[in-house]
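Colleague: sequence plus the predicted model coming up.
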Amino acid sequence: MVMIGLGMLGLIMVWPTYFYPFVWGSVFFMLEPINVWLDRGSLFDYLQEGDWRPVVALCAGALCCGFFWELWNFYSYPKWTYHTPGVGFWYIFEMPLIGYIGYLPFALELYALLHLATGRRRIVAL
């Protein structure tokens, strides 16, 4: 997985116009195996047990947050706009509909980064 992440990062650097979507997945592919190797919390711990709830919860939460981030951006000044080659249609606020897919790997990357930074085995919800 680390090699996949590094390969994705390399493609982004060489051909950013075509491989910019890899920005959102490459970090996860690099960090998650490191967390497993260091015996830190990993989504693989849950998936190995057949428990997909953390993945689904992270993705649902990221989509919900992304919706509100884009909503607030739409009515803000200044605001950012997206120039995404090939997917600049069907906008919800300022974001193309297909762009919301980027929030899914973003959530997984943040989970992996949190566990790498804190060294916790698992984050337990209260």
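Modeller: Sure, I can see it. Everything numeric here is computed off the predicted structure, so don't read it as measured data. Residues are numbered from 1 along each chain as shown.
Colleague: is it true that F106 touches V23?
Modeller: No - counting by CB atoms under 8 Å, F106 does not reach V23; the two are 9.3 Å apart. C-betas here are computed from N, CA, C, even on glycine.
Colleague: who has more neighbours, the two?
Modeller: The neighbour count for F106 versus V23, taken as other CB atoms under 10 Å, is higher for F106 (20 against 16).
Colleague: what lies in contact with the helix or strand where that one lies?
Modeller: Using DSSP states H and E, F106 falls within helix 103-118. With contact meaning CB atoms under 8 Å, 6 or more residues apart in numbering, helix 103-118 is reached by 24-25, 27-28, 31-32, 34-35, 38, 40-43, 54-55, 58-59, 61-63, 65-66, 120, 123.
Colleague: buried sites along it?
Modeller: Going by neighbour count (16 or more other CB atoms under 10 Å), the buried part of helix 103-118 is Y103, L104, P105, F106, A107, L108, E109, Y111, A112, H115, L116.
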